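> Okay, sequence plus prediction incoming.
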Amino acid sequence: MPDNKNIYILYGASHSLYTGKARCYLRNQRISYIERPTTHPDFAARILPQIGRGIIPVLETPDGQIIQDTVDIIDYFERLGVPYPVYPQGPLQRAIAIIIEYYGGQAMLKHAMHYRWSYLEQQKDFLVHAFTSGSGAGMAEKIMMRMQAYLPRLGVTEQSIPHIERSYEALLDILDAHFEQMPYLLGDRPSIGDYGLIGSLFAHLGRDPVPCQIMKLRAPRVYRWVERMTAPGLDVVEYPERAAEFWPEDAIPLTLEPLLEHIASEIFPELSDKLAFIDNWVLRNQPADGEPVTEKPQQRQLGMVNTSFKGTPLEVGVEPYLLFLLQRAADALADLTGPESERVQVFLDRMGLAAAVPRGLAYSVARQSNIEVWAIR
């Protein structure tokens with residue numbers, strides 16, 4: 001039995017999108033940990049009072065630190081030093097990886113939640129088992145009903161579903177072609193972009209029976225990437241004798257460009273509409289530096305905004321957390337000047353992703369004591 005006093009503890013669930021992201025990172029980096037469900041008595045007794053809301057994953061370190069959110073968990077280990085750092089040193093690769101992370105963990109919630117809940121009857125036994133195992137029989141049904149109720153706020157409607165399904169199939173085709181050439185998005189080791197995509201593409205789309213079967217039949221290399229991302233170390237047997245490095249000279253592989261164009265076609269205009277909503281909200285409310293972004297910790301959204309997905313009108317919730325994610329891309333480019341700045345800008349413009357980097361704002365979102373707060377500059 002492991003000595004729990006000298007090991008990391010991950011509180012999460014097998015079917016949880018964000019737990020999957022953290023778990024893959026721990027496994028790839030060969031970090032020793034044990035995983036506990038939220039039904040473990042320590043979660044209610046010690047963890048919840050410290051994080052202030054019911055949310056997973058949560059990491060407990062051997063010295064007693066409590067870290068919530070996959071970005072903070074990953075960054076904690078990156079500061080300590082890991083075998084395969086996930087943030088490229090080059091500014092373009094770093095910004096692109098962060099944009100992909102945003103896409104996989106936020107924009108792809110449509111795909112992940114649609115395939116889980118719109119096909120509930122076809123995979124009900126699987127999901128009941130997953131939620132019962134993770135939350136206990138008494139809570140499973142309540143949590144499942146609450147998750148289903150999120151669909152409209154994410155933009156999953158009768159009108160948008162055909163577009164979501166075509167989008168998923170197109171994404172699989174694009175990624176399958178890319179993984180024929182290399183094991184990860186930016187070369188021969190996973191970037192933060194890979195960890196952004198794996199949440200949706202493992203926990204929901206690569207595990208739930210209906211979308212997983214689509215993936216296996218349509219895009220076997222993508223399914224193999226899911227296996228690779230959930231393995232200890234770098235499972236790259238198909239790509240022998242290659243160094244575990246990112247693509248050289250801060251360049252973007254040509255086979256990744258179709259993915260970036262796909263992302264641009266999917267995140268806009270929704271992202272722009274959300275950013276405009278946040279900007280107007282901040283202008284009206286004038287939050288103080290360090291003030292929580294919402295009135296209650298468990299409340300994630302500021303309100304609803306009218307937007308569209310593939311031409312279909314939607315009304316979706318606006319989470320200021322998106323600024324916490326994308327500000328990191330802006331930070332990667334903040335000090336660029338001259339030809340280097342122009343090189344990056346030209347590429348972002350060509351891919352249609354320049355507006356995904358929120359530059360020049362007088363505010364952003366930070367985190368204090370595991371809660372999102374306004375950062376006023």
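Structure's in. What do you need?
> Can you pull up the most central residue in the protein?
Central residue of the chain (Cα atoms, centre = their mean): residue 105, 2.4 Å from the mean position.
> would you say that one is within a helix?
Yes. The assignment for residue 105 is a helix, going by DSSP: H, G, I helix; E, B strand; the rest coil.
> Distance of it relative to residue 304?
Look at residue 105 and residue 304: by Cβ to Cβ, to the nearest Å, they are 20 Å apart. Any C-beta I mention is one placed from the backbone N, CA and C, and that applies to glycine too.
> related to what we said a few turns ago, thought the residue nearest to the centre of the chain was touching residue 20?
No. Using Cβ atoms under 8 Å, residue 105 makes no contact with residue 20, being 10.4 Å away.
> Could you name every residue contacting both of the two?
Residues touching both residue 105 and residue 20 (Cβ atoms under 8 Å, 6 or more residues apart in numbering): residue 199.
> check contacts around residue 131.
13, 15, 139, 140, 141, 143, 144.
> what sits against the closest residue to it other than its chain neighbours?
Distances taken as Cβ to Cβ, 6 or more residues apart in numbering put residue 140 closest to residue 131, at 4.0 Å, once the chain neighbours are dropped. For residue 140, the contact set (Cβ under 8 Å, 6+ apart) comprises 128, 131, 132, 134.
> and the one helix or strand the second one maps to, which residues are buried?
This points to residue 131. For residue 131, the host element (DSSP states H and E) is helix 124-135. Residues of helix 124-135 classed as buried by neighbour count (16 or more other Cβ atoms under 10 Å): 126, 127, 130, 131, 132, 134, 135.
> Return the closest of those with respect to residue 112.
Distance to residue 112, by Cβ to Cβ, is smallest for residue 127 among the buried residues of helix 124-135, at 12.8 Å.
> what separates that closest one from residue 36, distance-wise?
Residue 127 is 21 Å from residue 36, where distance means Cβ to Cβ.
> Contact partners for the residue nearest to residue 253 when sequence neighbours are not counted?
Leaving aside its sequence neighbours, residue 253 sits nearest to residue 247 (Cβ to Cβ, 6+ apart; 5.3 Å). Residues near residue 247 by Cβ under 8 Å, 6+ apart: 93, 186, 187, 253.
> got it, and residue 28?
The contact partners of residue 28, by Cβ under 8 Å, 6+ apart, come to 84, 190, 229, 231, 232, 233, 234.
> And it, what's its pLDDT?
Here, the pLDDT recorded for residue 28 equals 98.
> which residues in the stretch 1-150 of the chain form helices?
17-28, 41-42, 48-51, 70-80, 91-102, 109-117, 124-135, 137-149 (DSSP state H, counting those that start in this stretch).
> Sort out which residues of the last one are buried, please.
Pointing back at helix 137-149 there. Neighbour-count burial for helix 137-149 flags 140, 143, 144 (criterion: 16+ other Cβ under 10 Å).
> quick check, nearest of those residues to residue 333?
For these, the nearest to residue 333 is residue 143 (39.5 Å; Cβ to Cβ).
> Give me the contact list for stretch 201-220.
Residues outside stretch 201-220 that contact it (Cβ under 8 Å, 6+ apart) are 14-17, 19-20, 24, 104, 108, 111-113, 115-116, 119, 122-123, 126-127, 168-169, 172-173, 175-176, 222-223, 225-226, 229-230.
> Got a PyMOL select line for the buried ones in the residues you listed?
Here is the PyMOL command that picks out the buried ones among these, judged by 16+ other Cβ under 10 Å:
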select buried, resi 14+15+16+17+19+20+24+104+108+111+112+113+115+116+123+126+127+168+172+175+176+222+223+225+226+229+230
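> In this structure, which helix is the longest?
helix 161-179 (DSSP state H).
> tell me what it is packed against?
helix 109-117, helix 209-218, helix 220-229, helix 257-267 (3 or more Cβ pairs under 8 Å, 6 or more residues apart in numbering; DSSP states H and E).
> Mean pLDDT and distance to residue 164 for the ones you listed - can I get that in a markdown table?
Shown next, in a markdown table, are the helices and strands packed on helix 161-179 (pLDDT from 0 to 100; distance: least, Cβ to Cβ, whole Å):
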| stretch | mean pLDDT | distance to residue 164 |
| --- | --- | --- |
| helix 109-117 | 97 | 5 |
| helix 209-218 | 98 | 11 |
| helix 220-229 | 98 | 17 |
| helix 257-267 | 98 | 10 |
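> closest to residue 367 out of those helices?
Among those, the nearest to residue 367 by Cβ to Cβ is helix 109-117 (20.0 Å).
> That closest one vs helix 124-135, what angle?
Angle, helix 109-117 to helix 124-135, by axes from the mean of the first three to the mean of the last three Cα atoms, to 10 degrees: 110 degrees.
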